[in-house]
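Novice: Build me a structure from this.
(one chain, ligands or ions: 1)
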Amino acid sequence: MRKIEHIGIAVKDLAAANDNYAKLFNAEPYKQERVESEGVNTSFFMIGDSKIELLEASNENSAIAKYIEKRGEGIHHIAYDVEDIVAERNRLIAEGFQAIGDIKHGADHKLVCFFHPKSANGVLVELCQERSE
Ligand code: ZN
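Specialist: Next up, the predicted model:
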């Protein structure tokens, strides 16, 4: 893993959260994107080299809807930038980390995969690799 790529925050209302975070950062989101496969609407803010992703459920079966129902709004995951997502995913599985699903296309032009919070002391882990195409 090379660095933290972004931190994901689960929000109830993306438009309201965008306004709030725009005030916090004194900057607008540089990107908003719906990820159909994950049932989320996302927006991204850049602060220096760091990114914050806000995630809102786009349907009631979304993992974000379930997360907010259970735990309320808050930090949902930490995403790590990797050079080779296949190799890194296999390495973590071999180390006993519990993968959630397969590698897929995520937001912000990335290949992504996830590891269960139980595997990482209560924090959902996302790996992401920049897509080359
Ligand atoms: Zn993310």
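Novice: going forward, measure contacts and count neighbours with C-alpha atoms only.
Specialist: Fine.
Novice: Quick check, V112 in contact with I103.
Specialist: Yes: V112 lies in contact with I103 (CA atoms under 8 Å); the separation is 5.5 Å.
Novice: Looking at those two now, which is surrounded by more residues?
Specialist: Neighbour tally, V112 and I103, criterion other CA atoms under 10 Å: the higher count belongs to V112, 24 against 16.
Novice: Residues in a beta bridge with the more buried one, which ones?
Specialist: On the basis of DSSP bridges, V112 is bridged to K104, C128.
Novice: And F44, by the same measure?
Specialist: Beta-bridge partners for F44, by DSSP bridges, are K31, E53.
Novice: which residues of this structure fall in helices?
Specialist: Listed in chain order, the helices of the chain (DSSP state H) span 14-25, 63-71, 85-94.
Novice: Can you point out the buried residues in the first one?
Specialist: Going back to what we said before, that points to helix 14-25. For helix 14-25, burial by neighbour count (16 or more other CA atoms under 10 Å) applies to L14, A17, N18, Y21.
Novice: residue ranges with poor pLDDT in the protein?
Specialist: Within the chain, the segments meeting pLDDT under 70 span 133.
Novice: hang on, the earlier thing: out of the helices of the chain, the one nearest F45 is which?
Specialist: The closest approach between F45 and any of those, judged by CA to CA, belongs to helix 14-25 at 8.3 Å.
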